[in-house]
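Asker: Can you look at this prediction? I've put the sequence above it.
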Amino acid sequence: MPVPLIVLAHGGPALVWQARYPGFAHHVSNSPTLFAIHGFAVLMPNIRGSDGYGVAFREAIYKDWSSGPYKDIMTGVDLLIKQGVADPQKLAIGGHSYGGYLTAWTITQTDNFKAALIFSGITDLISSGSLNASGYFGGGFWEDYKTSLENSPLMYVENIKTPTFIQHGLLDGTVNIDQSSELYNALKARDVPVKMIAYKNQGHSLKNKEAITSVRATFECNRPVNCIFSANEA
């Protein structure tokens, strides 16, 4: 029988999911066990741009953080649906840092996912200054403004219908919390179901008990993808 599926997109982008038992990782977005114990199949794709597959594979996302990796994710999801593993009506997606960016991008491209979890993600390559992405885009956003806009999830926010749960640390020195706030405010203005939690003592990696507890609570019900917003107030 097909089961609910969550896709976990890794950060980086030049990181990689390793073939090993992860247990409960040091922060919530890297803990597939957290979702598996609530009945989810977990897809952890090493999309183009990941480390460990050679230089050409890692550089395949040059000036394309978005559409290529998105295609890789959907290829994996479609295969699991075809194989009878995943229930196409019970799909979720989440990720941290670049994985949060890719989660935001994905829900601008499809309504197939019933819930999205975004942890410390970039949403706007212009307002972020593209400093985290400059090596992939040939420099700062001012050197290729058009490409930065085209790869920014916030530019396509009018397409988003997926209920979204955002978490970010106020002390994040890698991705400013304004990136999450921009997305939250844009979704709120469009009446898309959205919740955001800001943790005052957390940096880029959400390692605190509250972050794990809040995500776990979203899955502790009979219809997990429909109760994602029952755990916390914005």
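Answerer: Now that the structure is in, tell me what you want to look at. Residues are numbered from 1 along each chain as shown.

Asker: Can you get me a residue count around residue 189?
Answerer: The number of residues packed near residue 189 is 10, by other C-beta atoms under 10 Å. Placement of C-beta: from N, CA and C, glycine included.

Asker: what's the spacing between stretch 54-68 and its chain's center?
Answerer: 17 Å (C-alpha atoms, centre = their mean, to the nearest Å).

Asker: in it, what's buried?
Answerer: Judged by neighbour count (16 or more other C-beta atoms under 10 Å), stretch 54-68 contains these buried residues: 58, 60, 61, 64, 65, 66.

Asker: just checking, the second one touches residue 47?
Answerer: Meaning residue 60. No - using C-beta atoms under 8 Å, residue 60 is not in contact with residue 47, being 9.3 Å away.

Asker: Any idea how many residues pack against the residue nearest to residue 154 when sequence neighbours are not counted?
Answerer: Setting aside the residues directly before and after it, residue 154 is nearest to residue 124 in space (C-beta to C-beta, 6 or more residues apart in numbering), at 4.3 Å. Residue 124 sits with 23 neighbouring residues when counted by other C-beta under 10 Å.

Asker: Residue 179 is in contact with residue 124, correct?
Answerer: Yes - judged on C-beta under 8 Å, residue 124 makes contact with residue 179 at a distance of 6.3 Å.

Asker: Next, find the distance separating the residue nearest to residue 154 from residue 32.
Answerer: 28 Å (C-beta to C-beta, to the nearest Å).

Asker: if we can go back for a sec, please give the element, helix or strand, for the residue nearest to residue 154.
Answerer: Assignment of secondary structure by DSSP states H and E places residue 124 within no helix or strand.

Asker: Now stretch 51-68: average pLDDT?
Answerer: For stretch 51-68, the mean per-residue pLDDT is 85.

Asker: List the neighbouring strands of the longest strand belonging to the chain plus their orientation.
Answerer: Determined from DSSP state E, the single longest strand within the chain is strand 86-96. Here strand 86-96 has these sheet partners by DSSP bridges: strand 3-9 (parallel), strand 115-119 (parallel).

Asker: Mean neighbour count added to the ones you listed, as CSV?
Answerer: Compiled in CSV, these are given as follows (neighbours: other C-beta atoms under 10 Å):
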stretch, mean neighbour count
strand 3-9, 24
strand 115-119, 27
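
Asker: so which of those comes closest to residue 199?
Answerer: strand 115-119 (10.6 Å; C-beta to C-beta).

Asker: Quickly list what's touching both of residue 60 and residue 47.
Answerer: Residues touching both residue 60 and residue 47 (C-beta atoms under 8 Å, 6 or more residues apart in numbering): residue 68.

Asker: possible to save the strands paired with strand 86-96 as CSV with distance to residue 93?
Answerer: CSV is the format used below for the strands paired with strand 86-96 (distance: least, C-beta to C-beta, whole Å):
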stretch, distance to residue 93
strand 3-9, 4
strand 115-119, 6
